[in-house]
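Visitor: Predicted model follows, preceded by the sequence.
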Amino acid sequence: MESLWFKKDRKIFKVYILCIYMRDIFEGIILCKNCKKEMKKGVVIKEGFRIRYAYCEKCKTKLWHSGDLENYRNFNNLKKKAFKVKLRIVGNSYAITLPKEVVNFIKEIEKEFKIKEEETVKLMFDELGKLNVIFEQIEQKINKLKNLM
């Protein structure tokens with residue numbers, strides 16, 4: 001339990017703060033709401049995203065992990081957007097800035113994959129007029145997941 005001191009109207013107060021951390025429901029046992037049997041767990045890799053689910057072998061009910069689905073939907077929404085960014089000259093090089101929306105998404109994925117924040121990225125030409133920005137640690141994690149399937 002943490003405590004915090006603050007002052008109000010010349011009086012000093014000490015407030016205790018209780019922190020409760022939620023665990024992921026998929027870490028525990030999940031029972032089917034229809035037949036009350038324990039559900040088996042599985043994973044689907046879709047476009048590099050790990051989407052966990054639980055399924056009942058008896059009644060064939062499937063329960064998808066809402067957080068995993070939300071990450072996948074956010075990615076698809078970002079994929080549909082076209083960001084227009086300025087080219088800037090820095091010394092003898094050109095620089096572009098990544099939109100905050102993209103950076104926040106990458107940080108969320110790094111946190112989920114438990115990897116440190118990328119300091120460098122790999123740039124590669126895909127075809128004439130098309131340049132890929134590759135976050136190598138994320139790419140490595142995705143490749144490992146694909147190899148497990």
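Guide: Thanks, I have it. Numbering: from 1, shown residues only.

Visitor: And stretch 75-93, how far out from the chain middle?
Guide: The chain centroid and the centroid of stretch 75-93 are separated by 21 Å, computed with C-alpha atoms, centre = their mean, to the nearest Å.

Visitor: need the contact list for Ser93.
Guide: With C-beta atoms under 8 Å, 6 or more residues apart in numbering as the criterion, no residue contacts Ser93. Every residue, glycine included, has its C-beta placed from N, CA and C.

Visitor: what pLDDT does it get?
Guide: On pLDDT, Ser93 comes in at 92.

Visitor: ok, it to Gly28 distance?
Guide: Remark: distance between Ser93 and Gly28 (C-beta to C-beta, to the nearest Å) = 51 Å.

Visitor: what do you get for Tyr55?
Guide: 16 Å.

Visitor: any idea which element the most centrally placed residue in the chain lies in?
Guide: Nearest to the geometric centre of the chain sits Ile109, at 3.3 Å (C-alpha atoms, centre = their mean). In the assignment (DSSP states H and E), Ile109 maps to helix 100-113.

Visitor: which residues sit against that helix?
Guide: Under C-beta under 8 Å, 6+ apart, the answer for helix 100-113 is 71, 74-75, 78, 81, 83, 116-118, 135, 137-138, 141.
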